[in-house]
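1. Below are the sequence and a predicted model for it; my questions follow.
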Amino acid sequence: MTTVSPAVEVERKTPFLKRLERVSWTWVVTIVYLTVMLLIPISAMFLKAGTEPPSRFWAIATSDIALATYNVTFFTAIFAALLNGVFGTLIAWVLVRYDFPFKRLIDATVDLPFALPTSVAGLTLATVYSDNGWIGSLLAPLGIKVSFTRTGVAVAMIFISLPFIVRTVQPVLQEMEHEIEEASWCLGASQWQTFWKVILPPLFPTILTGIALGFSRAVGEYGSTVIISSNTPFQDLIAPVLIFQRLEQYDYSGATVIGIVLLSISLVLLLAINFLQAWARRYDSR
C-alpha cells in the first residue's frame, strides 16, 4: 500500500485552497444569507408537504375549497396588478413630468402602504368602503357593495401593491431624455403616437417588472384582506387565509400543501412575466 507524504498532499490541495482564497467574502455572505433565510425554509416546507402520500397531496391541493381560493387569490391579484400597471404608470408620469402644489406630499403619500401596518390598512379600507363609509355610502345606492366581498379583496390588493409599480417606473421616467419626444413632435407625430412608439417601448419592461412585484405582493397579502373580506368559502376566501385556518385546526400538512401550490403557481407566473420582460428587451434592442 502506497502512502502519500504530507508535502505531496498539501501540494495537491493547494489549487483548491487557492481558489477558496480568491472567493470574495461578499459572495460567501450572500450565499450563506440566502441559504439560511430562503433556501432552508423553502426546503423545509417541501419536506413537510412530502410527508403526505401523493394521493393525499393531490386531494388536498385540488379540493373544491382550495380551487376556489386559488381562483379568488390569483385572478384578483392579476387584476389588481394590471390595473395598477396602468394607473401606477400614469401617477409616476404626473409626478415626474409636472410641477404642482403639494407635489412632495403626494409623492410621499404613495409610499404610505409600505409603512402602514396591513391590519390598519384593512380596517381603514373596510370602514371607508362599508355601506356607511365615505365611499361605500356613495356606491350603495348603485347596488355596489365593496366591504366584505371579493371586490373588497381587490381594493385591498390594489392599495398595497400600488407603490411597487410607481416606484419601479418613476426612476426610468426621470432618466428618459425629453429631446427624443421633442424630435418625435417635430417630425409630425401626435402626443399619443409619441407615447405609443417612442416612450412605451423602452418603458414596457419596467412596467412589467412593477406588475410582477405588485402581483407578488398581492398574492401574499393577508393582514388587510382578512379584515375587508367576509372570508366566506367559495366567495371571497383567499389562499393565505385558508392556510391560516388549516393551521388553527392543527392541519399542518394540509396548510403546507396549499402553501406549496401557492408558491409553485406564483413562481410559474413570475417566470412567465420575466420571459415577457426578456422578449420586450430583445424587441426594443432591434
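-> Sure, I can see it.
2. Can you give me the buried ones in stretch 92-105?
-> Using 16 or more other C-beta atoms under 10 Å as the test for burial, stretch 92-105 gives 92-93, 95-96. Where you see a C-beta, it was placed from the backbone N, CA and C, and this is true even at glycine.
3. what's the answer for stretch 49-66, then?
-> 49, 52, 57, 60-61, 66.
4. Straight-line length of that stretch, end to end?
-> Its start and end residues considered, stretch 49-66 measures 15 Å (C-alpha to C-alpha, to the nearest Å).
5. Need the contact partners of that stretch.
-> Stretch 49-66 has contacts (C-beta atoms under 8 Å, 6 or more residues apart in numbering) with 233-234, 237, 239, 242, 253-254, 256-261.
6. ok, 6 Å please
-> Residues outside stretch 49-66 that contact it (C-beta atoms under 6 Å, 6 or more residues apart in numbering): 233, 253-254, 256-258, 260-261.
7. The buried residues of stretch 92-105 in strands, which ones?
-> Taking DSSP state E, every one of the buried residues of stretch 92-105 sits outside strands.
8. Just give the number of residues close to S137.
-> Using other C-beta atoms under 10 Å, S137 is surrounded by 13 other residues.
9. Alpha carbons of the helix or strand containing it, in CSV - could you do that?
-> Following DSSP states H and E, one finds S137 within helix 136-139. Extracted C-alpha coordinates of helix 136-139, given in CSV (Å, rounded to 0.1, in the frame of the first residue of the first chain):
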residue,chain,number,x,y,z
GLY,A,136,-69.3,53.0,0.3
SER,A,137,-72.3,55.2,1.1
LEU,A,138,-71.9,56.7,-2.4
LEU,A,139,-71.7,53.2,-4.0
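10. For it, what is the distance to the chain centroid?
-> 30 Å (C-alpha atoms, centre = their mean, to the nearest Å).
11. one step back: show me which of the buried residues of stretch 92-105 is closest to T168.
-> A92 (8.3 Å; C-beta to C-beta).
12. The closest one is in contact with I165, isn't it?
-> No - look at A92 against I165 with C-beta atoms under 6 Å: they stay out of range, at 7.5 Å.
13. Give the intersection of the neighbour lists for these two.
-> By C-beta under 6 Å, 6+ apart, no residue touches both A92 and I165.
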